[in-house]
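*Asks:* Let me see the structure of the following:
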Amino acid sequence: MLIPLLNVSVLPHSVIAHTLHKQPDRYPNKAIIAFGGIQVNLKSPVKLMVEVGKTRVNHPFYFTMAQTPNIVGYDLMKTLGLVLDTPRDAVWLRPNINQSHLEHHNYNSMVGGESTNTPQQPT
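*Replies:* Predicted coordinates for the structure are as follows:
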């Protein structure tokens, strides 16, 4: 689930339980205000490697004991250079032309929408 208004990325405990080095109650709490003004308690971030295309980042994810979908927050969207294409119902990865391995990279829609192959245009 993509939530561009949420500034943190969140995973349910069940997804990251195998990566934790200590019991969940040993991680500090972080209270955030969710949609509708509801306070949600998260556990401190755990760094996980995220790979999309040829882009890899070590990114902090908060986790919760609640049953929730995986939430990609604005923090990860910005880090990866994700672009929401709402008319096509798609999410795109914008290559960073400062990274040599992406200089001549073609990028495709990653989620939903019609699959197209669009060559990168330097800006």
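*Asks:* so what's the residue most central in space within the chain bridging to?
*Replies:* Among the residues of the chain, the one closest to the centroid is Val72, at 3.5 Å (Cα atoms, centre = their mean). Counting by DSSP bridges, Val72 is bridged to Leu2.
*Asks:* The nearest residue to Leu20 once chain neighbours are set aside and Leu76: what is the separation?
*Replies:* Of all residues not flanking Leu20 in the chain, Val46 sits nearest, at 6.6 Å (Cβ to Cβ, 6 or more residues apart in numbering). Just so you know, the C-beta spots here come from the backbone N, C-alpha and C atoms, and that holds for glycine as well. From Val46 across to Leu76, the span is 13 Å (Cβ to Cβ, to the nearest Å).
*Asks:* next one: Gln67
*Replies:* Gln67 sits 21 Å away from Leu76, taking Cβ to Cβ as the criterion.
*Asks:* who's more crowded, these two?
*Replies:* Using other Cβ atoms under 10 Å as the criterion, Gln67 and Leu76 rank with Leu76 on top: 19 against 8.
*Asks:* The more buried one sits in which helix or strand?
*Replies:* Leu76 is part of helix 74-80 when elements are defined by DSSP states H and E.
*Asks:* Adjacent strands (with direction) for the helix or strand that that helix is followed by?
*Replies:* Toward the C-terminus, helix 74-80 is succeeded by strand 82-85 as the next helix or strand (DSSP H and E). When pairing is defined by DSSP bridges, strand 82-85 lines up against strand 90-93 (antiparallel).
*Asks:* what about the protein, any weak spots by pLDDT?
*Replies:* Applying pLDDT under 70 to the chain flags residues 1-6, 95-123.
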